[in-house]
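K.L.:
Sequence and predicted structure below; questions after.
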Amino acid sequence: MNAVIEITRATDGETETVARAVYEHPLPVRICHWVNAISLFVMVGSGLQIFRAFPSFGAKIPQKDLLNWPKAFAIGGWLGGALQWHLTFMWIYIATGLIYLGYQIFSGNYRQVLFTHRDLPGVWPMVRHYFFFGPKPPLREAYNPLQKHAYTSAIGLGVLSVLTGLAVWKPVQFSWLAWLMGGFHWARLWHFLVMWAILAFVFGHLVMVVLHGWNNFVSMLTGWKKDPEY
Amino acid sequence: MESEDQKPQASGAKEPAESVGPVPGAPEAAAPAIVPAEALESKSDETKASETKAAKPAVQTTTRPQMKERAFAQVSRRELLKVAPVLALGAFAIPSFQESLLKKGLGFSDWMSARLFRREHLATTFADSELTPFEKFPINGYDVDDPGVIFENWTLTVSGAVQKPGDYKLEQIQALPRVRQNTRHVCVEGWDVIGRFGGARLSDFLRMIGADTSARFITVACADDYYESLDMATALHPQTLLCYEMYDQPLTRKHGAPLRLNVPTKVGYKQAKYLTDLKVTNVLDKVGYWEDQGYSSFYGL
């Protein structure tokens, strides 16, 4: 469970409580979050530049381009440069993921994020609230069931992005991984699709961050969330 | 149901007895370590004060630790500073650092690639029915599609750490046991095809020329001025071929006749065409045409 404090103000000798604060995000989680935000940005940008070299998932002859991704939204400038970024930041991305998972598991903090069967009954009321103007279900912990679902899925997508990436990078040495995905050719498509799934999560995540306001945003910087809903 | 959903939430600030939060100092809470000493001191004073006021000893068990606004601001700032090391990644945005950092990252990837390479692990082979038709096998020359090799005069010039240096004729290479394999050819650009390749194992040829296989590299030079290098482990891999056939036919000019490399454990640019020279060496003054422009040196698949 998270530590809770009351923030007080002394006026005329009287001490009054002005806010509550909950320690939601331990330091390792915050550092991993921001390092990951940066490496994800680089991985997507350089990945799209790599994709520009062969923007298709079909045959080379004849080549039918799927989409011509604009160079302005890519990192690295050319294929070789993008590969340098991709092959550098993938280690940061993987290391961050491993540190995060290790910390969550050994500290027990994963309970705050992990979507389990106990969260199932809360899913529908939350969906109704977000998408169908339903009443807001009371929040009893840091994350509501839909949030947990989103974060748990995002972590799963992160794992998949690494596995599909390894199959693209080393289809011979990790031939079993490539085989699971239908061979190098399909692994490349899976890697691409996982990226879009992650981007969809990031989009939703950013929208919610904006909607939830300043205190919520600051909590990922300082760990403390002022005046939480619960 | 609706009414339950809309049940007003307990506002913690007004009800210290509300049981949502844990008792401070609960075993696994990371926070107590963060509360600064002065805040703890003032806290105990205030706790006492509130106890006296409330005059209810039972409240004591559920009272949360308190912190003055200013102390909280201090704690927040300190916590914010702890996240600052993330900004170290900003070094990648500084042009003068960027190049060397990326070079190190690529170097680490290559080092890891070499560790991951397993000499006995074979690349997947495919049935004839899975082959990409020959006419759909891309021709990727960096410069010209045909450097105009005169076959009658062609030899492979061998030098370096070998017992029998000199010029080798194609017939001598073809006299070695012929291997034919259907393997995947992966281009660094992302496309891939399955081709049928035939030739002599490079390891057999290295034995024939008495190569020192404890040397680190094989380098090749090509008729079109392309050049490449292979690590010795890959050179000795059973699927690494001095390739003189594709699809059971003599290599065509556009595919690198009379001799090219076929290395199913490496990316396409490693598989040089129009070979003219082969050297066994411990030192690389240059790695390869593309590598020297910034591509991965090892690029094992």
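P.N.:
All right, it came through fine. This is a predicted model, so every value here is computed, not measured.
K.L.:
all contacts plus neighbour counts: C-alpha atoms, from now on.
P.N.:
Fine.
K.L.:
Tell me where chain A has strands.
P.N.:
With DSSP state E, the ranges of strands along chain A come out as A:4-11, A:14-23, A:224-226.
K.L.:
So which of those strands is the most surrounded?
P.N.:
Highest mean neighbour count among those (mean count of other Cα atoms under 10 Å in any protein chain shown): strand A:224-226, with a mean of 24.
K.L.:
if we look at that one, which residues are touching it?
P.N.:
Strand A:224-226 has contacts (Cα atoms under 8 Å, 6 or more residues apart in numbering or on different chains) with A:19-25, A:215-216, A:218-219, B:76.
K.L.:
now, among the residues you listed, which is nearest to residue B:190?
P.N.:
Closest approach to residue B:190 among these (Cα to Cα): residue A:25, at 39.7 Å.
K.L.:
Is it correct that that closest one is in contact with residue A:216?
P.N.:
No - counting by Cα atoms under 8 Å, residue A:216 is not a contact partner of residue A:25; they are 10.9 Å apart.
K.L.:
just to revisit the earlier point, in CSV: the strands of chain A, plus mean pLDDT.
P.N.:
Output for the strands of chain A, formatted as CSV (pLDDT from 0 to 100):
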stretch, mean pLDDT
strand A:4-11, 87
strand A:14-23, 87
strand A:224-226, 90
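K.L.:
Widest-spaced pair of the contacts of strand A:224-226?
P.N.:
Spanning the widest gap among these are A:19 and A:25, at 18.2 Å by Cα to Cα.
K.L.:
shaky segments in the chain?
P.N.:
Because you didn't say which chain, this covers chain A. Within chain A, the stretches with pLDDT under 70 are A:1.
K.L.:
meant chain B, my bad for not saying
P.N.:
Ranges of chain B meeting pLDDT under 70: B:1-63.
K.L.:
Break it down into its domains, please.
P.N.:
Domain assignment for chain B by automatic domain parsing gives B:29-93, B:120-293.
K.L.:
Highest mean neighbour count out of the ones you listed?
P.N.:
domain B:120-293 (a mean of 19).
K.L.:
Give me the distance between the two termini of that one.
P.N.:
Domain B:120-293 has an end-to-end distance of 31 Å (criterion: Cα to Cα, to the nearest Å).
K.L.:
do stretch B:253-260 as well
P.N.:
Stretch B:253-260: ends 11 Å apart by Cα to Cα.
K.L.:
And it, how far out from the chain middle?
P.N.:
Offset of stretch B:253-260 from its chain centre (Cα atoms, centre = their mean, to the nearest Å): 30 Å.
K.L.:
Could you do stretch B:143-162 as well?
P.N.:
33 Å.
K.L.:
How much space separates the spatially most central residue of chain A from residue A:202?
P.N.:
Ranked by distance to the mean C-alpha position of chain A (Cα atoms, centre = their mean), the top residue is residue A:154 at 4.8 Å. Distance, residue A:154 to residue A:202, by Cα to Cα: 9 Å.
K.L.:
before we move on, what about residue B:166?
P.N.:
61 Å.
K.L.:
Ok, residue B:138 next?
P.N.:
Taking Cα to Cα as the measure, residue B:138 falls 38 Å from residue A:202.
K.L.:
okay, and the common contacts of residue A:25 and residue A:216?
P.N.:
By Cα under 8 Å, 6+ apart, no residue touches both residue A:25 and residue A:216.
K.L.:
Ramachandran coordinates for the nearest residue to residue A:64 once chain neighbours are set aside?
P.N.:
Closest residue to residue A:64 apart from its sequence neighbours, by Cα to Cα, 6 or more residues apart in numbering or on different chains: residue A:56 at 6.3 Å. Backbone geometry at residue A:56, expressed as degrees, to the nearest 10, gives phi -150, psi 160.
K.L.:
isn't residue A:56 right next to residue A:66, touching?
P.N.:
Yes - using Cα under 8 Å, residue A:56 makes contact with residue A:66 at a distance of 5.0 Å.
K.L.:
okay, these two: which has more neighbours?
P.N.:
Neighbours were counted for residue A:56 and for residue A:66 using other Cα atoms under 10 Å in any protein chain shown; residue A:56 has more, 18 against 11.
K.L.:
Might you report the residue contacts of the more buried one?
P.N.:
With Cα under 8 Å, 6+ apart, residue A:56 has these contacts: A:63-67.
K.L.:
try it again with 10 Å
P.N.:
With contact set as Cα atoms under 10 Å, 6 or more residues apart in numbering or on different chains, residue A:56 has these partners: A:63-68, A:189, B:190-191.
K.L.:
returning to that earlier point: how close does the residue nearest to residue A:64 get to residue A:192?
P.N.:
Applying Cα to Cα to residue A:56 and residue A:192 gives a distance of 11 Å.
K.L.:
burial of the residue nearest to residue A:113 when sequence neighbours are not counted, as a residue count?
P.N.:
Leaving aside its chain neighbours, residue A:113 sits nearest to residue A:148 (5.2 Å; criterion: Cα to Cα, 6+ apart). The burial count assigned to residue A:148 is 20, neighbours taken as other Cα under 10 Å.
K.L.:
just residue A:230 next, same as before
P.N.:
Residues near residue A:230, counting by other Cα under 10 Å, number 16.
K.L.:
Would you agree it is in contact with residue A:141?
P.N.:
Yes - assessed by Cα atoms under 10 Å, residue A:230 is found in contact with residue A:141 at 6.3 Å.
K.L.:
returning to that earlier point: adding distance to residue A:197, write the strands of chain A out as a markdown table.
P.N.:
A markdown table is the format used below for the strands of chain A (distance: least, Cα to Cα, whole Å):
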| stretch | distance to residue A:197 |
| --- | --- |
| strand A:4-11 | 35 |
| strand A:14-23 | 30 |
| strand A:224-226 | 28 |
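K.L.:
just to revisit the earlier point, I'd say the residue nearest to the centre of chain A and residue A:201 touch.
P.N.:
Yes - here residue A:154 reaches residue A:201: they are 6.8 Å apart, a contact under Cα under 10 Å.
K.L.:
Check the gap between the residue nearest to the spatial centre of chain B and chain A for me.
P.N.:
With distances taken as Cα atoms, centre = their mean, the residue of chain B nearest its centroid is residue B:109 (4.5 Å). Distance of residue B:109 to chain A, computed by Cα to the nearest Cα, to the nearest Å: 6 Å.
K.L.:
which secondary structure elements does the one helix or strand that residue maps to contact?
P.N.:
Using DSSP states H and E, residue B:109 sits within helix B:95-116. Using 3 or more Cα pairs under 10 Å, 6 or more residues apart in numbering or on different chains; DSSP states H and E, the elements in contact with helix B:95-116 are helix A:79-107.
K.L.:
mind listing what the residue of the stretch 1-150 of chain B found nearest chain A touches?
P.N.:
Closest residue of the stretch 1-150 of chain B to chain A, Cα to the nearest Cα: residue B:105 (4.1 Å). For residue B:105, the contact set (Cα under 10 Å, 6+ apart) comprises A:84-92, B:99, B:111.
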